[in-house]
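Asks: 3D model of this:
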Amino acid sequence: MEGQIQEIKKWVVLYPVYINSKKTIAEGRRICAAKACENPTCIEIGDCCSHLKLRYAIEIDKAYPRDFMQRGRVRVLLKREDGTLYNPAISSRKQLMLHVAELVPRHPGRTKKQEPASTTSTGASKSGKSGKKKR
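Replies: I've put the predicted structure just below:
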């Protein structure tokens, strides 16, 4: 167990904030907003890593230092012990973030989650407009 923990400490850390389009660079986003995705979760990032055939570990109890309310992070292993890449298309952290941000919006759990949110926001805006008086 302890050997496995020491091994995971050397893996690349990927916080959801790094690829969140709703965050600014100062708040922790690491890729351009056009390529980032909206509010990714650790589970979605982990599923994308498994799709990319990369080993990963989700650490739910860890928090992002700049925003400690943002819980969870994903550790990803990019290279084998001999130095060869698990996925030749991904050789750096930046490429990992770009590939994961591209895959998260197509996550099967995300498409179902987005539909109810859009219907409730339109209903709330209609009721909010009718109560205002024009002066």
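Asks: contacts and neighbour counts: CA atoms only from here.
Replies: OK.
Asks: got the contact list for stretch 93-113?
Replies: Counting contacts by C-alpha atoms under 8 Å, 6 or more residues apart in numbering, the residues outside stretch 93-113 that touch it are 12, 14, 18-19, 31, 35-38, 40, 44-45, 48-49, 90.
Asks: those helices in the protein, which residues are they?
Replies: Using DSSP state H, the helices of the chain run over 2-8, 42-51, 93-103, 108-130.
Asks: Now the second one: average pLDDT?
Replies: Model confidence over helix 42-51 averages 93 on the pLDDT scale.
Asks: Against which helices or strands is that helix packed?
Replies: Here helix 42-51 touches strand 55-64, strand 67-77, helix 93-103, going by 3 or more C-alpha pairs under 8 Å, 6 or more residues apart in numbering; DSSP states H and E.
Asks: Would you mark the buried spots in it?
Replies: With burial defined by 16 or more other C-alpha atoms under 10 Å, the residues of helix 42-51 counted as buried are 42, 43, 44, 45, 46, 47, 48, 49.
Asks: how far away is the last one from residue 66?
Replies: Taking C-alpha to C-alpha, to the nearest Å as the criterion, residue 49 is separated from residue 66 by 24 Å.
Asks: hang on, the earlier thing: let me have the buried residues of helix 42-51 in TSV, adding distance to residue 23 as columns.
Replies: As requested, these are exported to TSV (distance: C-alpha to C-alpha, whole Å):
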residue	distance to residue 23
42	16
43	19
44	18
45	17
46	20
47	22
48	21
49	22
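Asks: Now flag whichever of those is closest to residue 71.
Replies: Residue 71 has its nearest neighbour among the buried residues of helix 42-51 in residue 42, at 8.8 Å by C-alpha to C-alpha.
Asks: How about the contacts made by that closest one?
Replies: When contacts are counted by C-alpha under 8 Å, 6+ apart, residue 42 touches 15, 16, 58, 60, 72, 73, 74.
Asks: do that again at 10 Å, thanks
Replies: The contact partners of residue 42, by C-alpha atoms under 10 Å, 6 or more residues apart in numbering, come to 14-16, 48, 57-60, 71-75.
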